[in-house]
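S.K.: show me the folded form of this:
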Amino acid sequence: MKIGDQLQKQRKLRNMSQNELADKLQISRQSISKWENGASLPSFSNVIAISELFDISLDELIKGDVELMNKLEDDKINLSKTETIFTVGFVLIIACLIYIYSNGITVASVDYWLPGLGIIFFIGFISNIKWSVFNKSLNRKAVFFGILLLVVIFVPYIMHEVPDILEGIKEGSNY
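M.R.: Below is the predicted model of the structure:
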C-alpha cells in the first residue's frame with residue numbers, strides 16, 4: 001500500500017481532517033493533500049512523526065511503497081551548516097587533542113601558536129558570513145551570548161599577547 005493511501009486510511013480511522021493532521025505535524029494542509037494524492041512524498045522526519053502520531057510501526061506505514069522506500073534509501077544525512085561546524089569541529093578537537101597528547105606537545109607550545117591561528121580563522125569565518133541573513137536570525141538572547149562569547153575568547157588572548165607586544169616594543173626601543 002502506498003504511503004498516501006495508508007496515511008488517508010489512518011487519518012480517516014481516527015476521524016481526523018487533513019487540517020487537523022497538518023496542525024499536529026506542524027505543516028500545511030496542502031502537504032497532506034499532496035502526500036495522499038501521490039503528488040509528493042513526506043520527508044523521513046515526517047514519516048517518523050506520522051508513525052508516532054498514529055501509533056503504527058514504520059514498517060506498517062511504508063511497507064509496499066517502493067517509491068518512498070527508494071527515496072528514504074537515497075536520502076543522505078544532511079546536516080545544516082551549523083550542525084556541520086559543531087560536528088566536524090568537535091571531531092577535529094578530539095583528533096587534535098589525541099595528536100597533541102600522543103606526541104608530547106606541551107601546553108606552552110600550543111599556547112604559543114594556537115591563538116594566532118584562532119584569530120586568522122575567526123577573521124576568515126566572519127568575513128564569509130552573509131551578514132544580512134545572519135542578523136535576521138539573531139534574537140536578543142543570541143546577541144547577549146554572542147557578546148559574552150566574544151569577551152571570553154578575546155580577553156585571555158589580549159591578556160596573553162599585550163604584555164609580549166609591549167615587551168617587544170620595549171626591547172626594540174633599547175637598541
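
S.K.: show me what counts as buried in stretch 9-22.
M.R.: For stretch 9-22, a neighbour-count test (16 or more other CB atoms under 10 Å) marks 10, 11, 16, 18, 21, 22 as buried. Bear in mind the C-beta positions are built from the backbone N, C-alpha and C, glycine included.

S.K.: dump those into TSV; add distance to residue 88 as well.
M.R.: Output for these, formatted as TSV (distance: CB to CB, whole Å):
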residue	distance to residue 88
10	39
11	40
16	42
18	40
21	37
22	35
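
S.K.: keep only those of these that are in helices.
M.R.: Residues of those located in helices (DSSP state H): 10, 11, 18, 21, 22.

S.K.: let's have these in CSV, adding distance to residue 168 and pLDDT.
M.R.: Below are those laid out as CSV (distance: CB to CB, whole Å; pLDDT from 0 to 100):
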residue, distance to residue 168, pLDDT
10, 73, 88
11, 73, 89
18, 71, 92
21, 69, 91
22, 66, 91
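
S.K.: what is the mean pLDDT for the longest helix seen in the chain?
M.R.: Ranked by residue count and defined by DSSP H, the top helix of the chain is helix 140-173. Helix 140-173 carries an average pLDDT of 81.

S.K.: show me what it packs onto, helices and strands only.
M.R.: For helix 140-173, the elements it packs on are helix 107-127, judged by 3 or more CB pairs under 8 Å, 6 or more residues apart in numbering; DSSP states H and E.

S.K.: next, the angle from the helix it packs on to helix 140-173.
M.R.: For helix 107-127 against helix 140-173, the angle by axes from the mean of the first three to the mean of the last three CA atoms, to 10 degrees is 120 degrees.

S.K.: state the helix or strand in which the nearest residue to residue 105 once chain neighbours are set aside lies.
M.R.: Spatially, and ignoring its direct neighbours in sequence, residue 105 is nearest to residue 99 (7.8 Å; CB to CB, 6 or more residues apart in numbering). Applying DSSP states H and E as the criterion places residue 99 in helix 81-102.
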